[in-house]
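K.L.:
Just the structure for this:
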Amino acid sequence: KAMGVDFIKLHRDHMAPKLFFAALDEGRRIGIPVVGHLPAEITYREAADSGLRSIEHIINFSGVNPLAGICWGDGASDARCAALAAHLRRVGMWVCPTLTILQEMAPEVPSMFTRMQQAGMPLLSGTDLYTYPKPLLLPEELTTFAKFGMPPLAVLQTATLEPARYIHGTDSLGTVAAGRLADLVLLDADPLMDIRNVAA
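P.N.:
Purely as a prediction, here's the structure:
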């Protein structure tokens with residue numbers, strides 16, 4: 001906290017639940033958001049209710065799918081996925097799926113993401129920058145979001161408006177308007193026509 005960090009990231013899929021919840025308790029106590037990987041034994045709702053600010057990755061690298069029976073697989077339904085999405089929005093927790101690096105690791109990722117975004121899940125675009133064999137760039141992730149059915153405007157908002165909401169910065173960030181901080185890119189072509197134009 002003395003260093004002025006923005007958040008603490010928990011980075012172990014196999015972290016013991018009591019340690020995970022202790023970290024969240026401490027983050028709340030000292031006023032620093034906690035984000036990160038979701039341990040296999042913990043549900044999205046439990047993490048959200050305990051104050052986790054965002055979940056990194058749509059599935060655990062340990063192979064556990066915490067959305068099984070909710071947004072994917074046996075027992076899953078649009079209604080269950082929408083109810084979870086509404087709860088996450090209510091308590092202020094986002095999901096950063098990192099689809100591009102996971103789509104080939106788990107066959108359920110495309111259909112699960114489609115259901116999540118249709119249900120209104122609060123989503124952020126992001127990358128694991130140091131991925132092998134080459135760094136993953138944000139335009140690739142945005143293109144993957146669109147490939148799995150997210151409308152271009154909603155895709156753009158995962159990199160603009162939603163992050164501003166995430167950091168409680170909508171008074172100065174996330175939109176192009178008078179009085180906002182100027183942090184934008186001018187493109188040669190309209191990304192609302194083709195999201196691949198974000199790289200143009």
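
K.L.:
Residue ranges in this protein under the pLDDT threshold?
P.N.:
Along the chain, the model assigns pLDDT under 70 to residues 129-136, 200.

K.L.:
Please, where are all the strands along it?
P.N.:
8-10, 34-36, 52-56, 94-96 (DSSP state E).

K.L.:
Quick check: most distant residue from the centroid of the protein.
P.N.:
Largest separation from the mean C-alpha position in the chain: Ala178, at 28.2 Å (CA atoms, centre = their mean).

K.L.:
Now render the strands of the chain as CSV, adding distance to Gly149 and mean neighbour count.
P.N.:
For every residue, glycine as well, the C-beta is placed using N, CA and C. Shown next, in CSV, are those (distance: least, CB to CB, whole Å; neighbours: other CB atoms under 10 Å):
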stretch, distance to Gly149, mean neighbour count
strand 8-10, 29, 17
strand 34-36, 26, 22
strand 52-56, 20, 23
strand 94-96, 16, 23
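
K.L.:
JSON lines please, covering the ones you listed and showing distance to Lys1.
P.N.:
Shown next, in JSON lines, are the strands of the chain (distance: least, CB to CB, whole Å):
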{"stretch": "strand 8-10", "distance to Lys1": "9"}
{"stretch": "strand 34-36", "distance to Lys1": "12"}
{"stretch": "strand 52-56", "distance to Lys1": "15"}
{"stretch": "strand 94-96", "distance to Lys1": "22"}
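
K.L.:
So which of these is nearest His168?
P.N.:
Distance to His168, taken as CB to CB, is lowest for strand 52-56 among the strands of the chain, at 10.7 Å.

K.L.:
Show residues contacting that closest one.
P.N.:
Outside strand 52-56, the residues within contact range by CB atoms under 8 Å, 6 or more residues apart in numbering are 7, 9, 24, 33-38, 44, 47, 92-96, 98, 124, 126, 166.

K.L.:
Quickly note the distance from the most centrally placed residue in the chain to Pro107.
P.N.:
Nearest residue to the geometric centre of the chain (CA atoms, centre = their mean): Cys96, 1.7 Å. Note on Cys96: its distance to Pro107, by CB to CB, to the nearest Å, is 21 Å.

K.L.:
got it, and Ala177?
P.N.:
42 Å.

K.L.:
And the strands of the chain: which comes nearest Ala182?
P.N.:
strand 94-96 (24.5 Å).

K.L.:
Show residues contacting the closest one.
P.N.:
44, 53-58, 88, 116, 121-126, 162, 166.

K.L.:
do that again at 10 Å, thanks
P.N.:
Contacts to strand 94-96, defined as CB atoms under 10 Å, 6 or more residues apart in numbering, come from residues 35-36, 38, 44, 48, 52-58, 67, 85, 88, 113, 116-117, 121-128, 141, 158, 162-163, 165-166.

K.L.:
From the chain's centroid, how far away is that strand?
P.N.:
Relative to the chain's own centre, strand 94-96 is displaced by 2 Å; criterion: CA atoms, centre = their mean, to the nearest Å.

K.L.:
swap in stretch 10-23?
P.N.:
Taking mean C-alpha positions (CA atoms, centre = their mean), stretch 10-23 and its chain are 19 Å apart.
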